[in-house]
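Peer 1: here you go, sequence then predicted model.
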Amino acid sequence: MLESVALAAHGQAELWAALHKDTPFHLAECERHCLIALALSAEDDVAAHLLLKKVRLARVTDRPGLPPRVARLESRVAYRHGRGAAGQARLCHPSATGCEGLDVTSLLGAGLIGLEAGQAVLWPGDDGRLATLEVLAVENGEADGR
């Protein structure tokens, strides 16, 4: 049973990667390593496989080289998924204590990380159906001077 779930998640991730191979995802080198480790230990197979595909496709640079409106760990992100209402969340490391945000290893968190404000991708919802995930705005901390 677990093998079939893992195979289905892997197949979905492969299809998603083929659809988005030319989409510019951006990650800082320091977060890339962290995201790989988090994906390998994530409980949600689909989110883990998709996050690993996104990391593989990403343009990786040092943190100061990231576009200023890219969603990364600790970013506040406004988004819309499918036809639902717009939402807003802070992207958090899963072990962050007291974080009232969105775990980057969750399905939605994995979808938002690496996207720039104004970008949209197809992303599965909790029901497994693909819908447009659009990043409406990204707010990053002042520590980077952004």
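Peer 2: Received, thanks. Numbers count the residues shown, from 1 in each chain.
Peer 1: and for G128, the neighbour number?
Peer 2: 10 (other Cβ atoms under 10 Å). C-beta here means a position set from N, CA and C on the backbone, and glycine is covered the same way.
Peer 1: mind listing what it touches?
Peer 2: V46 (Cβ atoms under 8 Å, 6 or more residues apart in numbering).
Peer 1: which stretches of the protein form helices?
Peer 2: Here the chain has its helices, by DSSP state H, at 2-19, 29-41, 45-57, 107-112.
Peer 1: surely C30 touches G65?
Peer 2: No: assessed by Cβ atoms under 8 Å, C30 is found out of contact with G65, at 11.7 Å.
Peer 1: any weak-confidence spans in this protein?
Peer 2: For the chain, applying pLDDT under 70 flags the ranges 1-12, 16-18, 97-98, 142-146.
Peer 1: go with 90
Peer 2: The chain contains residues with pLDDT under 90 at 1-24, 42-46, 63, 84-85, 94-101, 125-130, 141-146.
Peer 1: which other residues reach the lengthiest strand in it?
Peer 2: The residue-count maximum for a strand in the chain (DSSP state E) belongs to strand 130-139. Under the criterion Cβ under 8 Å, 6+ apart, residues 69-71, 75-83, 86, 108, 111-112, 115-125 lie in contact with strand 130-139.
Peer 1: out of those residues, name the ones that lie in strands.
Peer 2: Mapping those onto strands (DSSP E) picks out R76, V77, A78, Y79, R80, H81, A120, V121, L122, W123, P124.
Peer 1: narrow the residues you listed to those that are buried.
Peer 2: V77, A78, Y79, R80, H81, V121, W123, P124 (16 or more other Cβ atoms under 10 Å).
Peer 1: beta partners for the fifth one?
Peer 2: By that I understand H81. Note on H81: beta-bridge partners by DSSP bridges are L133.
Peer 1: for A28, see how far away it is.
Peer 2: Separation of H81 from A28 (Cβ to Cβ, to the nearest Å): 24 Å.
Peer 1: equivalent analysis for the fourth one, please.
Peer 2: Remark: distance between R80 and A28 (Cβ to Cβ) = 25 Å.
Peer 1: one step back: nearest to A96, of the ones in strands among the contacts of strand 130-139?
Peer 2: R76 (14.0 Å; Cβ to Cβ).
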